[in-house]
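In: what's the 3D shape of this:
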Amino acid sequence: MKVTILGGTGVMGKALAPSLVVAGHQVTITGRTQSPDPRPGMRGLRADIGTGEGVAEAVAGAEVVVHLASDPERADEIDVEGTRRLLEQTGDGHMIYVSIVGVDRHPLPYYRAKQATEQLIERAGGLFTIVRATQWHDFLAYRVDRMTNGLVARVPSGYVYQPIDRLDVAKGIAALVESRPQGRAPDLAGPEVLGIEHLARTYMVAKGRSRPLLQIPKFGPVAKAFRDGHHTNPDRAVGKITWAEHLDRRFADS
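Out: Numbers count the residues shown, from 1 in each chain. Below is the predicted model of the structure:
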């Protein structure tokens, strides 16, 4: 099967593409700023859904398009309008769009843009699957590293997350590649819901970083949504790799 991964140079693309090649698919991966250097069995192309450059070539002949392209800093331009351009090029192929759990309940502007993107795909009338995932370990590790990098670790009070490993998400997406279009697929959520304080403390221990930790009260609807867990789904705790296991792997050579 011919599969194109838009945004294939990111964390998820790098996890997904090799498994699809091993499964016998012909894989094209794209990067927005330059043509990616593909691994054996892959083709790399430059494609920017923000401008439309290279998109037609990237999706031409693809039986499945896995849409991972996103930019939280320019979500309206890249996620929403970029997807609008993409839908004009995709033809009769099956589009798999990877979104975020809770975008229909959470007021964070980036999540709202992801929901608007979902709605574009739903209204387009083509073959599609939308799968939502909780926050990836790599993303949360990046965020926690920044929060704990000063003289005092500062975290937002009461925030909760349900981190899932990129390999678990990639496995779920790979199964969808080989399935019929599902419309809205079941969520992919991590094995446990954890508070940001726990994430920060365990991260610092794993990295050998000693800091006093200060919880900062946050106010407003976005903060409340993060405290209430609108971006989690405990009923879909399908991920197998825990946060502790991710940290063990991340700092194995430290």
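
In: Tell me where the chain has helices.
Out: Along the chain, counting by DSSP state H, helices occupy 11-22, 55-59, 75, 82-87, 109-124, 137-147, 166-177, 196-207, 221-228, 243-250.

In: Output the last one as CSV, restricted to C-alpha atoms.
Out: Output of helix 243-250 as CSV, limited to C-alpha atoms (Å, rounded to 0.1, in the frame of the first residue of the first chain):
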residue,chain,number,x,y,z
TRP,A,243,5.9,7.4,32.3
ALA,A,244,8.4,5.7,34.5
GLU,A,245,9.4,3.3,31.8
HIS,A,246,9.8,6.3,29.4
LEU,A,247,12.1,8.0,31.8
ASP,A,248,14.2,4.8,32.3
ARG,A,249,14.6,4.6,28.5
ARG,A,250,15.2,8.3,28.1
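
In: List the contacts of that helix.
Out: Residues outside helix 243-250 that contact it (Cβ atoms under 8 Å, 6 or more residues apart in numbering) are His137, Leu140, Ala141, Pro163, Asp165, Gly190, Glu192, Leu194, Leu199, Thr202, Tyr203, Ala206. To be clear about C-beta, it is placed using only N, CA and C from the backbone, and glycine gets the same treatment.

In: Now pLDDT and neighbour count too, for these, in CSV please.
Out: Putting the contacts of helix 243-250 into CSV (pLDDT from 0 to 100; neighbours: other Cβ atoms under 10 Å) gives the following:
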residue, pLDDT, neighbour count
His137, 97, 27
Leu140, 97, 23
Ala141, 97, 20
Pro163, 98, 25
Asp165, 97, 22
Gly190, 98, 32
Glu192, 98, 17
Leu194, 98, 20
Leu199, 98, 24
Thr202, 97, 16
Tyr203, 97, 23
Ala206, 95, 18
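
In: Quickly check those for the two that are furthest apart.
Out: Using Cβ to Cβ, the pair of the contacts of helix 243-250 lying farthest apart is Gly190 and Ala206, separated by 17.1 Å.

In: check contacts around the nearest residue to Arg184 once chain neighbours are set aside.
Out: In space, and not counting its chain neighbours, Arg184 is closest to Ile130: 5.4 Å by Cβ to Cβ, 6 or more residues apart in numbering. By Cβ under 8 Å, 6+ apart, the contact set of Ile130 is Ile96, Tyr97, Ser99, Glu118, Ile121, Glu122, Gly183, Arg184, Ala185.
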